[in-house]
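Engineer: What follows is a predicted structure for the sequence shown.
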Amino acid sequence: QSVLAQPPSASGTPGQRVTISCSGSNSNIESNYVYWYQQLPGTAPRLLIYRNDQRPSGVPDRFSGSKSGTSASLAISGLRSDDEGDYYCEAWDDSLSGRVFGGGTKLTVL
Amino acid sequence: EVQLVESGGGLVKPGGSLRLSCEVSGFNFRTFTMNWVRQAPGRGLEWVSSISSGSTYIYYADSVRGRFTISRDNAKDSVYLQMNTLRAEDTALYYCARDECGSCALDSWGQGTQVTVSS
């Protein structure tokens, strides 16, 4: 079981908006930044969101992140077929003195 | 261009050892914390270990503490993961990734090196 809880799957049609949740606790999400990573099939993970809601250069503004209390979420608007892949949230955990990942959410574009 | 290249993976028997390497280029290695993250076949990402820029702060996941040792050589722009007493559940693709502060974003990743533990 992952420390951060994510739904195992999410789906949407092209152009739609999809949200992926990430639930943690006061020792990780509530007290530290949340990061989101995208892993397309057969590739290494790529940073998508840092410091809860910031996008690295090169990441389209269709991707947005938010955090409230012990939960965070990733929203993808204007869904595209090449958004299909796995999405992971991650945060530092003060109790564990280490990074923790969510179990990942597999996004399918129907 | 930032590059991280892992090597050293392979097939090893349970109880055996392996040393992974990650050589980087394109950035000032000695100012970054380095991490190892693994992914078992068909599974999610699992953080394994991190080492600060000057090797002062070293952390391990509970699943590997006491068996794995992370180290770095700033003169060679490389980070290492010595893995001992390997188990079947250590089978995974091992990635190295950098971060600016020890708990910052993993903003660049390598392509990974495969470790298979099997008799």
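Structural biologist: Yes, it's here.

Engineer: Could you list which residues are in contact with the nearest residue to residue B:25 once chain neighbours are set aside?
Structural biologist: Nearest in space to residue B:25, with sequence neighbours left out and distances taken as C-beta to C-beta, 6 or more residues apart in numbering or on different chains, is residue B:3 at 4.8 Å. (Each C-beta comes from the backbone N, C-alpha and C, glycine too.) The contact partners of residue B:3, taken as C-beta atoms under 8 Å, 6 or more residues apart in numbering or on different chains, are B:24-26, B:110.

Engineer: Next step: those restricted to strands.
Structural biologist: Judged by DSSP state E, strands contain the following of the contacts of residue B:3: B:24-25.

Engineer: out of the contacts of residue B:3, who's nearest residue A:30?
Structural biologist: Closest approach between the contacts of residue B:3 and residue A:30, by C-beta to C-beta: residue B:110, at 31.1 Å.

Engineer: Which helix or which strand is home to the nearest residue to that closest one once chain neighbours are set aside?
Structural biologist: For residue B:110, ignoring the flanking residues on the chain, the nearest one in space by C-beta to C-beta, 6+ apart is residue B:4 at 3.6 Å. Using DSSP states H and E, residue B:4 sits within strand B:3-7.

Engineer: pLDDT of that strand, averaged?
Structural biologist: Averaged across strand B:3-7, pLDDT comes to 98.

Engineer: so what's residue B:102 scoring on pLDDT?
Structural biologist: On the pLDDT scale, residue B:102 is placed at 83.

Engineer: can you pull the contacts of it?
Structural biologist: By C-beta under 8 Å, 6+ apart, residue B:102 lies in contact with B:33, B:50, B:52, B:57.

Engineer: can you tell me which of the residues you listed are up against chain A?
Structural biologist: Applying C-beta under 8 Å from any C-beta of the partner chain to the contacts of residue B:102, one finds that residue B:50 fall near chain A.

Engineer: Write the PyMOL selection for whichever of the contacts of residue B:102 are buried.
Structural biologist: Buried subset of these, written as a PyMOL selection, criterion 16 or more other C-beta atoms under 10 Å in any protein chain shown:
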select buried, chain B and resi 33+50+52
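
Engineer: Could you pick out which of the contacts of residue B:102 are located in strands?
Structural biologist: B:33, B:50.

Engineer: How about the backbone phi and psi for the residue most central in space within chain B?
Structural biologist: Central residue of chain B (C-alpha atoms, centre = their mean): residue B:36, 2.9 Å from the mean position. The phi and psi values for residue B:36, taken as degrees, to the nearest 10, are phi -120, psi 130.

Engineer: which residues sit in contact with the closest residue to residue A:110 other than its chain neighbours?
Structural biologist: Nearest non-adjacent residue to residue A:110, counting by C-beta to C-beta, 6+ apart: residue A:13, 5.0 Å away. Contact analysis of residue A:13 by C-beta under 8 Å, 6+ apart lists A:79, A:109-110.

Engineer: distance of residue A:13 from residue B:11?
Structural biologist: 43 Å (C-beta to C-beta, to the nearest Å).

Engineer: residues in contact with the residue nearest to residue B:110?
Structural biologist: Applying C-beta under 8 Å, 6+ apart, we find residue B:4 in contact with B:22-24, B:96-98, B:108-110.

Engineer: do the same with residue B:114
Structural biologist: Residues in contact with residue B:114, defined by C-beta under 8 Å, 6+ apart, are B:9-10, B:92-94.

Engineer: Chain A against chain B: which residues are in contact?
Structural biologist: A:2, A:32-33, A:35, A:37, A:39, A:44-47, A:50-51, A:56, A:86, A:88, A:90, A:92, A:96-104.
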